[in-house]
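K.L.:
kindly return the folded structure for what I paste below:
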Amino acid sequence: MHLTNLIDLIAEVAAKRVAKEGKQEEDTPDAVRMLWRMIRAARWNGCHNFTRFLGFGRVLDRAA
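P.N.:
This is a model prediction of the structure:
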């Protein structure tokens with residue numbers, strides 16, 4: 001959960017910085033967009049890996 005909180009904090013700070021500077025979407029660099037995609041992919045994979053782990057635990061419980 002700590003990694004998720006850190007990622008949320010980074011995204012929030014980046015959003016505030018963009019809002020403060022008043023930059024439009026066209027002005028944001030492509031590197032930021034690429035970084036945002038990587039962060040979202042990491043969060044998605046983390047959530048789904050955790051649910052797979054929970055599902056595996058349920059399978060073990062049924063087998064016992």
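
K.L.:
for the helix or strand where Lys20 lies, give the mean pLDDT please.
P.N.:
Using DSSP states H and E, Lys20 maps to helix 2-21. On average, the pLDDT along helix 2-21 is 78.

K.L.:
so which other helices or strands are in contact with it?
P.N.:
helix 30-63 (3 or more CB pairs under 8 Å, 6 or more residues apart in numbering; DSSP states H and E). Heads up, the C-betas are built off the backbone N, CA and C, glycines and all.

K.L.:
I'd like the average pLDDT over the helix it packs on.
P.N.:
65.

K.L.:
list the buried residues for the helix holding Lys20?
P.N.:
Residues of helix 2-21 classed as buried: none (neighbour count, 16 or more other CB atoms under 10 Å).

K.L.:
which ones are touching Ala42?
P.N.:
Ile7 (CB atoms under 8 Å, 6 or more residues apart in numbering).

K.L.:
what is the burial count for Leu35?
P.N.:
By other CB atoms under 10 Å, the residues close to Leu35 number 14.

K.L.:
how much space between it and Ala14?
P.N.:
9 Å (CB to CB, to the nearest Å).

K.L.:
show the model's pLDDT score for Glu26.
P.N.:
57.

K.L.:
before I go, just wanted to say thanks for your time.
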